[in-house]
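Chemist: structure for the following, please:
(6 chains)
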Protein chains: 6
Amino acid sequence: MFYHKKQLQYFKPPEKPDAVYAKKIQELIGGTFGEMTVMMQYLFQGWNCRGPAKYRDMLLDIGTEEIGHIEMLATMIAHLLDKAPVKMQEEGALDQVVGAVMGGSNPRDVIMAAAMNPQHAIVSGLGAMPADSVGFPWNGRFIVASGNLMADFRSNLHAESQGRLQAVRMYEMSDDPGVKDTLSFMIARDTMHQNQWEAAIEELKADGLESTPVPSSFPLDLEKREYAYQFWNHSEGTDSAEGRWAKGPSMDGKGEFEYVANPQPLGPEPTPPQPDPRLHGTPKTQQMQGTGNGSVIERREIGG
Amino acid sequence: MFYHKKQLQYFKPPEKPDAVYAKKIQELIGGTFGEMTVMMQYLFQGWNCRGPAKYRDMLLDIGTEEIGHIEMLATMIAHLLDKAPVKMQEEGALDQVVGAVMGGSNPRDVIMAAAMNPQHAIVSGLGAMPADSVGFPWNGRFIVASGNLMADFRSNLHAESQGRLQAVRMYEMSDDPGVKDTLSFMIARDTMHQNQWEAAIEELKADGLESTPVPSSFPLDLEKREYAYQFWNHSEGTDSAEGRWAKGPSMDGKGEFEYVANPQPLGPEPTPPQPDPRLHGTPKTQQMQGTGNGSVIERREIGG
Amino acid sequence: MFYHKKQLQYFKPPEKPDAVYAKKIQELIGGTFGEMTVMMQYLFQGWNCRGPAKYRDMLLDIGTEEIGHIEMLATMIAHLLDKAPVKMQEEGALDQVVGAVMGGSNPRDVIMAAAMNPQHAIVSGLGAMPADSVGFPWNGRFIVASGNLMADFRSNLHAESQGRLQAVRMYEMSDDPGVKDTLSFMIARDTMHQNQWEAAIEELKADGLESTPVPSSFPLDLEKREYAYQFWNHSEGTDSAEGRWAKGPSMDGKGEFEYVANPQPLGPEPTPPQPDPRLHGTPKTQQMQGTGNGSVIERREIGG
Amino acid sequence: MFYHKKQLQYFKPPEKPDAVYAKKIQELIGGTFGEMTVMMQYLFQGWNCRGPAKYRDMLLDIGTEEIGHIEMLATMIAHLLDKAPVKMQEEGALDQVVGAVMGGSNPRDVIMAAAMNPQHAIVSGLGAMPADSVGFPWNGRFIVASGNLMADFRSNLHAESQGRLQAVRMYEMSDDPGVKDTLSFMIARDTMHQNQWEAAIEELKADGLESTPVPSSFPLDLEKREYAYQFWNHSEGTDSAEGRWAKGPSMDGKGEFEYVANPQPLGPEPTPPQPDPRLHGTPKTQQMQGTGNGSVIERREIGG
Amino acid sequence: MFYHKKQLQYFKPPEKPDAVYAKKIQELIGGTFGEMTVMMQYLFQGWNCRGPAKYRDMLLDIGTEEIGHIEMLATMIAHLLDKAPVKMQEEGALDQVVGAVMGGSNPRDVIMAAAMNPQHAIVSGLGAMPADSVGFPWNGRFIVASGNLMADFRSNLHAESQGRLQAVRMYEMSDDPGVKDTLSFMIARDTMHQNQWEAAIEELKADGLESTPVPSSFPLDLEKREYAYQFWNHSEGTDSAEGRWAKGPSMDGKGEFEYVANPQPLGPEPTPPQPDPRLHGTPKTQQMQGTGNGSVIERREIGG
Amino acid sequence: MFYHKKQLQYFKPPEKPDAVYAKKIQELIGGTFGEMTVMMQYLFQGWNCRGPAKYRDMLLDIGTEEIGHIEMLATMIAHLLDKAPVKMQEEGALDQVVGAVMGGSNPRDVIMAAAMNPQHAIVSGLGAMPADSVGFPWNGRFIVASGNLMADFRSNLHAESQGRLQAVRMYEMSDDPGVKDTLSFMIARDTMHQNQWEAAIEELKADGLESTPVPSSFPLDLEKREYAYQFWNHSEGTDSAEGRWAKGPSMDGKGEFEYVANPQPLGPEPTPPQPDPRLHGTPKTQQMQGTGNGSVIERREIGG
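Modeler: Just a heads-up that it's a prediction; the model follows:
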């Protein structure tokens, strides 16, 4: 069960509205690696967790923190959309550009009105939306909760990497002190969370719960071990032979990397079975005369 | 530019058709972590790669290999759908169950016809589809290609973890020797690919290109360092204090973990600006009299 | 900022696992009117609210409650998926049905393994997912937060109506005492929430903030009043003349309903302008000779 | 069965083309509450209606009217896209802005070419599309048709509220007399339709078919009545105690609102069952040794 | 503007309910090539049509007919869902299978309750939905309306081919006389519509409006003619040399097919430009020291 | 199995970056008829092909070629995004427009930064994405692979028509010699591919595998032949009587077109069965008293 406090975890308002920046920062709310993703991902992982209590509790802690991050960004967007130039005045475009030279009004408004997310005016009435920077809605396929904590913590480490990368890019794309201050808090939290998931991955290993290859509870002798450490060079040239992945002991300590410079198929040419004639696909030889109600039983014996 | 050889990379056909298993194994083609995802992810990362040539070449090698994995699974599904019982015969349901006892035909067909993916009959004519095990189509938001190789390699390590986990689950869910043999090859390749991405992550560090926190090219003094190693305990109880993430040196070697047992907000209560009256949202005080054409300019001065 | 308590708001575990029921009850988590929708809808409405404080606070209260409803249902699904028959044993289908008669094992397992949501085994490892009962992911277009509280409260009243209707249907579809007990709590909360939104709608009127037609801040004389109370009968027969909507004073008290039994168009035949030839659409008369690089400027004068 | 007349229900062409406004007005065709939604929603409700004939007929009347509304807006968009500046000329950007001052061509074209919906040129050849103002396609999850008329009429009342709100916002965002005239007709129809659904809700009550809480055919004693009128205050502060929803008789006349200022969980801590080892999730205690083919039966007895 | 008649274009009710068949036949309503697609496709093509009046009128005729096809199928589904076994009775599964042998109730109900589309019970209350046979919603990207009539008529011919193929498959999958009778009407209409689009394609050629290659208004000398009739053999083996596409005069009568047995790249190796350092991608050489606020201007000169 | 060569099939780099054109040309990668569609469509058709070897081989040849087309366009986009103006400098907007007149910097940068696809900066770090020109992701429902080669080749002919139309539109929208040169190669390949599919359609007929109506293996006497050549005029006016589709022999040579000027319904008014009371829909007559646990069995006899 959940509770809410009215204050934000952290926040500095932007100095100036900027409707186009508001459109862009939606990526951090509803994008593939936005706050909605990490919030939902950690909560679902926590709710589904059957592992030791410390993992479940930790997942629900950080998931609960992330709800508050959406709240911060939603508030930011409300400020950025203040006085958004909802109308791109018909005649004004020309006038305002002229006016810009003459000392008149701001042509930036015209560009803003043309380039802002139109749904910020029409649909949400100057509020944040559960969508990304091109207006594509957040969806449940963005999150990962597999029941295998190592697989999931690798996802979490990854999500915080993309998340921090995108927050940093937004930081570089702004000159507004309020925006930069708020983002510098969120970037710091992403630093923590990258560290946290690296620590959690080590903890899983230390607890003997998982290791490479994931899932480690599957007996290795059930996989074709002879192909488990080969790098197949599927392209001309061998630049790819120069990396750590091409030679030396494998990272799991259970094999030796091998570079296959000129790989050849191990399987046969495919021969998919001929289709059931009742489905009227194209067979190898000339189409038999029409099927239908009466002929179902015989045809079944032939093809189905 | 790409070329094709007719033989499959590896393949053993299933011993028996099984339309419901065909539905399930679609997850490995078109699911979030199916072969379409890793193929497209590695190719786009390769095409967009501006890093050293060995990384670009390696990405295109493995991306090209993955196209062939879709081909293997598509062939598998064509075999599994052979003789799929496209009709759930009206009267037959009862008869066949009785018949099962009397020595007659197979009730499994009835269940299959009811539970198979209907699009395997109606839409694809017994062929594989670019969709997952519930029929949801693969889409481009499943892939990650950010231009930052460390962020992306963490995604790749993660994708191969989920991918191997799902392949292993499919292996456990089958008794068919052909299916199990083919999957044991793919599981081995996933072992290689987990090792490969761990190696590539080490290589990036060794090359001085990236480290934690990603992106490491962003100056740390621009983030709020005082919050960069704190674990905030957002729930009652302190099970989460027991993990590696709650104390000791941080994983990036640049700080010390700190456990904040009773975290309090650092920000103010939000006060989003009042809405432009032309958007007809609900303001703090009683709605002003109607706006409209004539009143735009004054209203702009008031609210917009 | 948000906090979590470990206990559930309310919960009785199911007496028996039932993987097919688990698939169905996903509708209440991730369906169009599931708990993810009301949670996100109320939180976004709250975060974007510029109206009086009591509305904002109330929205955040109920939004925070709904997070806990997802938690309850996710726990329910974990129990329902316990011992899910992940494998539909090849030979077993026949044997088990025979066995059912002979006193052997349960044919229900075979049907379950065929008809359960395959992603509950392959993807989530027996955990809840942010998707509906056919596996379609929840997405951000499911929620409504327009900035106009009356428009939004009508959405909320509606959402709680569909939500209670679906919960009641799930109640009727189960015989499990634990499931029914938990649902009877959620159904009661839906009763409260329907009452709550009806009350909130009255409050908005009492506060003079909104009334029919929404948005009431738009001057009525700017709409074509002569068509504002007409019912147009677009079909043969006049059954539709028998309803309250066809005669008598309009509900907003500002007009009189009128039944137009044989409506005729008021507008002209459409004449969309001829296309720019550089876009190579099909014009009214024979296609002019090819455009291209050289001819852009002249063509522009003609068509663009 | 349906018929078409060539004239539009109502229409005034825009005075001037405006490609950016054409992008925005797509919201009224293919947005969540655009004309495609109400058309499809009313038709599906009508086709699925088992209630009295007057409701079915009325639903099909208004659904048929709405097809014509899409037609009007599609025609509007064709006019708005006339002479859309498909090319943002390389050198021209600079020149045209300079030119604007010097008396030359229009910089508005440059902005238009950059900010218009690119698919209006590339995909539809200057025609309307079944998508919203950010280009996201209309989809079937936008509509509601539950079989319960009260639940659905509440949706309809809501849809007409959002629809009118968005049409009004588009009206405020335009200076074009033709656009404003056409919209003022559509806004008037939305006024009618809000009144119509309020009337239809009253009619359902008068006919004894439904009342609050929906569905009213579910016996109230099957829900946990003790929680059916409580407001739970999930946040600090009690602004939410000030509303109509917090005290006094409930709106359905069957209870009394109660304000729970400091709500506590009624349920236990969750204890989801341990996972089937064949799914290789992370258990509470150290992972048992690998499963696999040979060990399936025993493991089944342990975990599955 | 549109009108409705109460009678269906054609209809025979099914003899027996069949909830699983109801799930499958949704493909013909809301699938990629279902009636919603052809209806919307023809209407949008008609509304956007700038070609001669006969084409526009014809498109709106057939689009209007297709609305009635959805109506027929929706009615069919309502009948098929009659008495759908909404509950899969807990104990009943075993009992009913036993009972089937003993002369008791029908095990088909158990399978139906497990395998039907759960949303037909929970969401639509036994009504049709705007979705396909796996429950995926119809969406606007399914339709084509490009403004070029030849391109679009090829789409229409194709859509009617897939549509008839799918209707035929549904026919083969049923034994119900009512279902088969109704489908045999729809299959006949698809025959007409394939003929109609072939005729319309000929008419466009006869009118001199379009021919191969589409769009024919683009001057051929602006394309690289030397590659306009070559077949590139991208795979081992030359089975593909045996078709009409590999030799002889091209179909447009403007060239000669040529078979390139061993194709080689004509372009260079790609060299994408180095990334702007403010975006923190991975460059070719070691990452430069951190950017940030202070260093933006210089960095811009280096990379941006 | 697949192989890669480092060189591109064909390529000329653009002379100048243009971030807005980069956004638009995404349509050719990830749009409904972009290269991802034809690549996946031809590969899946090839993998699922059970027809003669020449068709399978040909499909895999062209599918493999199309992978390389994505590669060319991805490289193009990387060049177009070079030096993309990631920041729309706060004060700069005004200054730069003034500056443009005064001889200063380029206002085009300001417009670019506002109108470019924000994800090209935030998400992909200046790389191509698997999405279209409005940022909507490519998805698996875009492709067609039905198992019936005639149905599919009609789709392929159509896809190459839309593809060439869109490439031509992009050509007309650019002045950049590199862009135009590369597009003129792709347009030529589309010319080949339209010719190729027309040839393949003729080949299928010559091989006796398919003809109109598709599927031709379905016995014609099973469809209602009396409606198989009628054009129904669903609208006022008879412009549609003037086309080839309204009179004369049908295109399949098996009938005569007939124009039905005033079509009337052939079916009855719909009477969908009354709903199961356990689903709480609205029935024809007053709602019976509440159902529930105790009353299930009797109610079943009444309604279910």
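Chemist: where does the stretch 51-200 of chain A get nearest to chain E, residue-wise?
Modeler: A:Glu172 (4.1 Å; CB to the nearest CB). All C-beta spots, glycine's among them, are computed from the backbone N, C-alpha and C.
Chemist: from A:Val168, how far off is the closest residue to that residue other than its chain neighbours?
Modeler: Closest residue to A:Glu172 in three dimensions, ignoring its sequence neighbours and counting by CB to CB, 6 or more residues apart in numbering or on different chains: E:Arg278, at 4.1 Å. Distance of E:Arg278 to A:Val168, computed by CB to CB, to the nearest Å: 9 Å.
Chemist: more neighbours: the two, which one.
Modeler: A:Val168 (29 against 25; other CB atoms under 10 Å in any protein chain shown).
Chemist: how about the strands of chain A, start to end?
Modeler: For chain A, the strands defined by DSSP state E cover A:2-4, A:230-232, A:258-260.
Chemist: tell me which of those strands sits nearest to chain B.
Modeler: strand A:230-232 (5.5 Å).
Chemist: that closest one close to chain B?
Modeler: Yes - Strand A:230-232 lies within reach of chain B by CB under 8 Å from any CB of the partner chain, at A:Gln230, A:Phe231, A:Trp232.
Chemist: just give me how far that strand sits from the chain centre.
Modeler: 28 Å (CA atoms, centre = their mean, to the nearest Å).
Chemist: what lines up beside that strand in the sheet?
Modeler: strand A:258-260 (parallel) (DSSP bridges).
Chemist: avg pLDDT for the partner strand?
Modeler: Confidence over strand A:258-260, taken as the mean pLDDT, stands at 97.
Chemist: buried ones in it?
Modeler: A:Glu258, A:Tyr259 (16 or more other CB atoms under 10 Å in any protein chain shown).
Chemist: what stretches of chain A score poorly on pLDDT?
Modeler: A:85-108, A:286-304 (pLDDT under 70).
Chemist: how's it carved up into domains?
Modeler: A:19-84+A:126-206, A:220-260 (automatic domain parsing).
Chemist: mind checking the end-to-end distance for the first one?
Modeler: The distance separating the two terminal residues of domain A:19-84+A:126-206, taken as CA to CA, to the nearest Å, comes to 49 Å.
Chemist: what lies in contact with stretch A:253-270?
Modeler: A:220, A:225, A:228-234, A:238, A:241, A:245-250, B:5-11, B:71-72, B:75, B:78, B:185, B:195, B:199, F:1, F:47 (CB atoms under 8 Å, 6 or more residues apart in numbering or on different chains).
Chemist: any idea how far that stretch is from the chain center?
Modeler: 31 Å.
Chemist: got the CA positions of it in PDB?
Modeler: Taking Å, rounded to 0.1, in the frame of the first residue of the first chain, the C-alpha atoms of stretch A:253-270 are listed here in PDB:
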ATOM      1  CA  GLY A 253      35.700 -19.000 -17.000                       C
ATOM      2  CA  LYS A 254      34.200 -22.100 -18.500                       C
ATOM      3  CA  GLY A 255      35.700 -22.100 -22.000                       C
ATOM      4  CA  GLU A 256      38.000 -20.500 -24.500                       C
ATOM      5  CA  PHE A 257      37.000 -18.000 -27.200                       C
ATOM      6  CA  GLU A 258      37.500 -19.200 -30.800                       C
ATOM      7  CA  TYR A 259      37.300 -17.000 -33.900                       C
ATOM      8  CA  VAL A 260      35.600 -18.800 -36.900                       C
ATOM      9  CA  ALA A 261      36.900 -16.700 -39.800                       C
ATOM     10  CA  ASN A 262      34.900 -18.300 -42.500                       C
ATOM     11  CA  PRO A 263      31.800 -19.900 -41.000                       C
ATOM     12  CA  GLN A 264      29.700 -22.400 -43.000                       C
ATOM     13  CA  PRO A 265      26.200 -23.600 -42.400                       C
ATOM     14  CA  LEU A 266      25.700 -26.700 -40.200                       C
ATOM     15  CA  GLY A 267      22.100 -27.400 -41.200                       C
ATOM     16  CA  PRO A 268      20.200 -28.500 -44.300                       C
ATOM     17  CA  GLU A 269      18.300 -26.600 -46.800                       C
ATOM     18  CA  PRO A 270      14.800 -26.000 -45.400                       C
END
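Chemist: how about that stretch: buried residues?
Modeler: Buried, per 16+ other CB under 10 Å, within stretch A:253-270: A:Lys254, A:Gly255, A:Phe257, A:Glu258, A:Tyr259, A:Pro263, A:Gly267, A:Pro270.
Chemist: what's the closest of these to chain B?
Modeler: Nearest member of the buried residues of stretch A:253-270 to chain B, counting by CB to the nearest CB, is A:Gly267, at 3.4 Å.
Chemist: distance check, the residue nearest the centre of chain A against A:Leu165.
Modeler: With distances taken as CA atoms, centre = their mean, chain A has A:Thr32 as the residue nearest its mean C-alpha position (3.2 Å). Distance, A:Thr32 to A:Leu165, using CB to CB: 12 Å.
Chemist: ends of stretch A:119-135, how far apart?
Modeler: OK, stretch A:119-135 end separation, CA to CA: 8 Å.
Chemist: over to stretch A:173-182?
Modeler: 14 Å.
Chemist: so what's A:Met192 up against?
Modeler: Contacts of A:Met192 by CB under 8 Å, 6+ apart are B:Tyr227, B:Ala228, B:Tyr229, B:Gln230, B:Phe231.
Chemist: 10 Å instead, please
Modeler: A:62, A:65, A:160, B:213, B:227-232, B:245, B:250, B:255, B:257-258 (CB atoms under 10 Å, 6 or more residues apart in numbering or on different chains).
Chemist: closest to F:Asp207 among those residues?
Modeler: The shortest gap between F:Asp207 and any of those belongs to A:Glu160, at 57.3 Å (CB to CB).
Chemist: what about the helices in the stretch 1-150 of chain A?
Modeler: For the stretch 1-150 of chain A, the helices defined by DSSP state H, counting those that start in this stretch cover A:19-30, A:35-48, A:53-80, A:92-102, A:107-115, A:118-122, A:149-172.
Chemist: and of the ones you listed, who's closest to D:Phe136?
Modeler: Across the helices of the stretch 1-150 of chain A, closest to D:Phe136 is helix A:118-122 (CB to CB), at 9.1 Å.
Chemist: for the stretch 51-200 of chain A, give the residue positioned nearest to chain F.
Modeler: A:Val134 (3.1 Å).
Chemist: neighbours of that residue, just the number please.
Modeler: Counted with other CB under 10 Å, A:Val134 comes out at 26.
Chemist: how about the contacts made by A:Val123?
Modeler: Here A:Val123 is in contact with A:117, A:129, A:131, A:135, C:141, C:144-147, D:27, D:31-33, D:132-134, D:162, D:165-166, D:169 (CB under 10 Å, 6+ apart).
Chemist: repeat for A:Val179
Modeler: So A:Val179 contacts A:12-16, A:18, A:21, A:25, A:76, A:79-80, A:170-171, A:173 (CB under 10 Å, 6+ apart).
Chemist: same question, A:Leu149
Modeler: A:45, A:49-52, A:55-56, A:59, A:156, A:200-201, A:203-204, A:207, A:209-210, A:214, D:281-283.
Chemist: same check on A:Gly51?
Modeler: Contacts of A:Gly51 (CB under 10 Å, 6+ apart): A:45, A:59, A:147-149, A:204, A:207, A:209-210, D:274-275, D:281-285, D:287.
Chemist: 7 Å instead, please
Modeler: A:Leu149, A:Leu209, D:Thr282, D:Pro283, D:Lys284 (CB atoms under 7 Å, 6 or more residues apart in numbering or on different chains).
Chemist: ok, A:Arg244 next?
Modeler: By CB under 7 Å, 6+ apart, A:Arg244 lies in contact with B:Ala199, B:Glu202, B:Glu203.
Chemist: make it 8 Å
Modeler: B:Ala199, B:Ala200, B:Glu202, B:Glu203, B:Ala206.
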